[in-house]
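# Next come a sequence and a model predicted from it.
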Amino acid sequence: MPAKRKRAMPKTTRPAAETPCPPVARARGRLLRSATIGALPLINEILRRMRLEEFLQASLPAEDRRTRLATSKALLVLLRNLLVSREPIYGVGEWASRHAPDLLGLEEEQLALLNDDRVGRALDRLFASDVPSLVLAVATHVVREFAVRLEELHNDSTTVTFCGMYASAGVQRQVFGRPTLAITFGHNKDHRPDLKQLLFILTVTADGGVPLHFRAANGNVTDDQTHRDTWNLLCQLTGRRDFLYVADCKLATAENMAYVHQRQGRFVTVLPRTRGEDAAFRQRLAQGQIAWQPLWEKTDDEGQLIDRYSLSQQPATTVEGYRLLWYHSDRKAQLDALARSNRIERALKQLASLREKLRSPRTRYRQQAKVAQAVEEILQSCGAASWIATEIQQQSMETFHQDHRGRPGQHTRYVKKVATRFDLAYRIDDAQVALEAAGDGVFPLVTNVTDLSALELLRTYKRQPVVEKRFSQLKTDFEVAPVYLKAVHRIQALLCVYFFALLAEALLERELRQAMQRHEIEALPLYPEGRACRWPTARRMIDLFESVQRHTLVQGKRPPEILVTDLTRLQRRLLKLLGLPAEGYGC
């Protein structure tokens with residue numbers, strides 16, 4: 001029986017998009033094309049050593065043979081955009097058209113394929129891949145390639161805040177066979193409890209603050225629920241258990257500390273104020289039973305004193321038996337006193353405003369319970385409930401009115417009405433303030449490590465801001481803004497790209513600082529007016545190369561002539577430190 005012929009389907013046509021192209025100038029038969037080079041060669045060298053494109057190709061689902069732009073290339077263009085310019089998703093194509101396509105890993109005709117839809121589909125495929133395994137593979141290779149030390153790891157979390165309802169994203173779902181996260185309300189670290197969020201958990205090394213691992217969690221997940229899974233993943237990544245795990249006070253729960261300790265792990269964290277050991281120590285401190293011994297005078301690069309630290313002479317342990325050390329910081333004592341003073345002042349101003357409302361003839365506060373609720377809200381929002389004593393005073397107000405309408409006369413009768421009004425009296429509780437002031441500058445560290453001195457433990461914890469620096473870059477340098485995306489799974493994939501951007505930037509920064517140490521260079525003139533910079537950042541390096549461009553001059557049938565912006569002396573010096581040749585930069 002003869003085979004049936006398939007009926008040809010009508011072809012669908014889409015309007016052709018205008019192909020983006022670099023700026024062009026024409027004059028007397030000559031044509032000049034200009035493209036931005038910037039810091040792309042520096043970034044490409046870091047990405048090459050990271051082998052990120054290889055890991056992406058191995059992790060992503062198989063490409064459709066009709067695909068004209070590989071997913072790995074689209075994701076790497078997005079990554080370079082985040083590092084250089086931080087354009088929104090819909091602006092990536094236009095941004096790429098202004099740069100040399102070969103430095104973006106593209107052919108010139110592929111620039112027209114870059115749009116928000118293509119980048120969005122690339123994020124779809126990244127989400128469909130095994131992101132945890134991808135991150136683990138890249139981090140493992142980076143540790144070997146860049147010789148990153150893993151003796152000390154710092155963990156913290158931040159919130160990625162969203163504008164909008166995201167009503168369909170409030171619960172976990174299955175997309176491409178993988179669970180999505182719930183964008184919902186939780187403890188917002190941006191001080192925006194009115195907005196929904198996701199939790200972004202990051203672990204970095206003490207060696208250069210290199211991001212080692214990240215994961216995202218539901219917006220209502222608390223930090224104390226994340227540490228055990230994070231520690232397990234770090235053990236798998238490092239291949240060891242004896243690294244020093246440093247985290248904030250959410251690690252200091254009996255369950256978390258026991259989990260790490262029983263598995264031969266090592267930790268350092270802060271004891272929270274809610275623990276009984278804290279209340280007992282501060283009570284003895286207020287009674288003058290605690291003696292301090294000088295421990296460390298911290299100075300800046302110029303030798304100026306920054307802070308003085310002291311250590312409690314009385315040894316202590318937690319109820320679980322872990323080592324407990326009490327420190328006092330002069331600088332922290334000043335900040336604690338200033339913060340308390342600001343809270344009290346803010347509360348007093350709001351209480352004075354409430355008192356004026358109570359005295360108004362049109363006041364809405366007619367019930368004592370409503371007044372008490374307003375006072376409580378003020379004290380709680382300002383954090384001054386324990387330092388201000390308040391008293392709600394009930395008063396009777398008598399008023400007289402005619403018993404009938406009309407002009408009053410000799411025989412007019414009046415009716416007395418008694419209304420209950422409230423007034424507010426408040427004062428600063430000096431005794432409680434003095435009791436609180438006795439503990440200014442005090443903070444406790446808890447650890448199961450016995451082979452480090454009190455000073456070494458203090459310095460270890462004082463390196464915790466290295467992870468805060470990465471969060472600062474995430475929200476300032478990269479301007480993390482997944483609100484441009486509506487699909488939760490694409491937001492999760494975008495957070496993975498942001499992690500790789502943080503990793504690349506940290507490695508670039510670390511390479512330059514290590515080169516300065518090898519060449520015994522104390523500072524570089526990276527700031528405006530040639531001012532010295534002791535600790536150069538990747539952001540500053542990228543900005544210094546922003547003006548570098550490539551110009552292609554075409555004259556008739558002659559071969560094109562390529563011209564590159566002359567590098568400055570400082571730019572050449574940076575390239576030499578990074579081991580990159582200045583000759584042919586960007587060609």
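That came in fine, so what should we check first?

# Determine how far stretch 218-238 lies from the middle of the whole chain.
Offset of stretch 218-238 from its chain centre (C-alpha atoms, centre = their mean, to the nearest Å): 17 Å.

# what do you get for stretch 75-83?
Centroid displacement of stretch 75-83 relative to its chain, using C-alpha atoms, centre = their mean, is 19 Å.

# And stretch 196-203, by the same measure?
On C-alpha atoms, centre = their mean, the centre of stretch 196-203 falls 8 Å from the chain's centre.

# what does stretch 309-327 give?
31 Å.

# Not counting its neighbours along the chain, what's nearest Ala384?
The shortest distance from Ala384 to any non-neighbouring residue, by C-beta to C-beta, 6 or more residues apart in numbering, is to Ala347 (4.0 Å). From N, CA and C alone the C-beta is placed, and that goes for glycine too.

# so that neighbour is in which element?
Element membership for Ala347, per DSSP states H and E: helix 330-359.

# tilt between the very next helix or strand once past that helix and helix 330-359?
Next in sequence after helix 330-359, counting helices and strands by DSSP H and E, comes helix 368-382. Here helix 368-382 points in a direction 160 degrees away from that of helix 330-359 (axes from the mean of the first three to the mean of the last three C-alpha atoms, to 10 degrees).

# Sketch out the low-pLDDT regions of this structure for me.
Residues of the chain that meet the criterion pLDDT under 70 lie in 1-23, 477-484.

# Domain boundaries for it, per the record?
For the chain, automatic domain parsing gives the domain ranges 24-131+505-577, 273-403+412-444.

# Just the terminal-to-terminal distance for the longest one.
For domain 24-131+505-577, the first-to-last residue distance is 35 Å (C-alpha to C-alpha, to the nearest Å).

# just the domains of the chain: most buried one?
domain 24-131+505-577 (a mean of 17; mean count of other C-beta atoms under 10 Å).

# how far is that domain from where the chain is centred?
Chain-centre distance of domain 24-131+505-577: 24 Å, with C-alpha atoms, centre = their mean.

# cool, stretch 130-138 as well?
Distance, centroid of stretch 130-138 to centroid of chain: 21 Å (C-alpha atoms, centre = their mean).

# residues of that stretch that come out buried?
Buried residues in stretch 130-138, counting neighbours by 16 or more other C-beta atoms under 10 Å, are found at Val131, Leu134, Val135, Leu136, Ala137, Val138.

# Quick check: the gap between the third one and Gln380.
For Val135, the distance to Gln380 (C-beta to C-beta, to the nearest Å) stands at 40 Å.

# related to what we said a few turns ago, could I get the domains of the chain in TSV, plus columns for distance to His154?
Output for the domains of the chain, formatted as TSV (distance: least, C-beta to C-beta, whole Å):
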stretch	distance to His154
domain 24-131+505-577	13
domain 273-403+412-444	17
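
# Of all those, which one is nearest Gln236?
Nearest of the domains of the chain to Gln236, taken as C-beta to C-beta: domain 24-131+505-577 at 14.0 Å.

# Could you name the helices and strands sitting against the helix holding Ala347?
strand 305-312, helix 368-382, strand 388-402, strand 414-428, helix 430-437 (3 or more C-beta pairs under 8 Å, 6 or more residues apart in numbering; DSSP states H and E).

# Relative to Gln197, which of the ones you listed is closest?
Minimum separation from Gln197 across the helices and strands packed on helix 330-359 (C-beta to C-beta) falls at helix 368-382, 20.1 Å.

# Would you list the phi and psi of the residue nearest to Met50 when sequence neighbours are not counted?
Residue nearest to Met50 in three dimensions, not counting chain neighbours: Val142, with 5.9 Å by C-beta to C-beta, 6+ apart. Torsion angles at Val142 (phi, psi; degrees, to the nearest 10) stand at phi -60, psi -40.

# For Glu398, see how far away Thr363 is.
As for Thr363, its distance to Glu398 is 17 Å (criterion: C-beta to C-beta).

# And Lys298, how close does it get to His489?
When distance is defined by C-beta to C-beta, Lys298 is 46 Å away from His489.

# Please apply the same query to Ser381.
In this view, Ser381 and His489 are 37 Å apart by C-beta to C-beta.

# Would you map the helices across the stretch 151-300 of the chain?
227-238, 254-262, 276-286 (DSSP state H, counting those that start in this stretch).

# Tabulate these (a markdown table), appending distance to Cys533.
Below are the helices of the stretch 151-300 of the chain laid out as a markdown table (distance: least, C-beta to C-beta, whole Å):
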| stretch | distance to Cys533 |
| --- | --- |
| helix 227-238 | 32 |
| helix 254-262 | 38 |
| helix 276-286 | 41 |
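
# wait, the residue nearest to Ala384 sits on Cys382?
Yes. Between Ala347 and Cys382 there is a contact under C-beta atoms under 8 Å: 3.9 Å.

# how about the strands in the stretch 101-250 of the chain?
Using DSSP state E, counting those that start in this stretch, the strands of the stretch 101-250 of the chain run over 152-162, 174-175, 178-179, 196-205, 211-217, 244-246.
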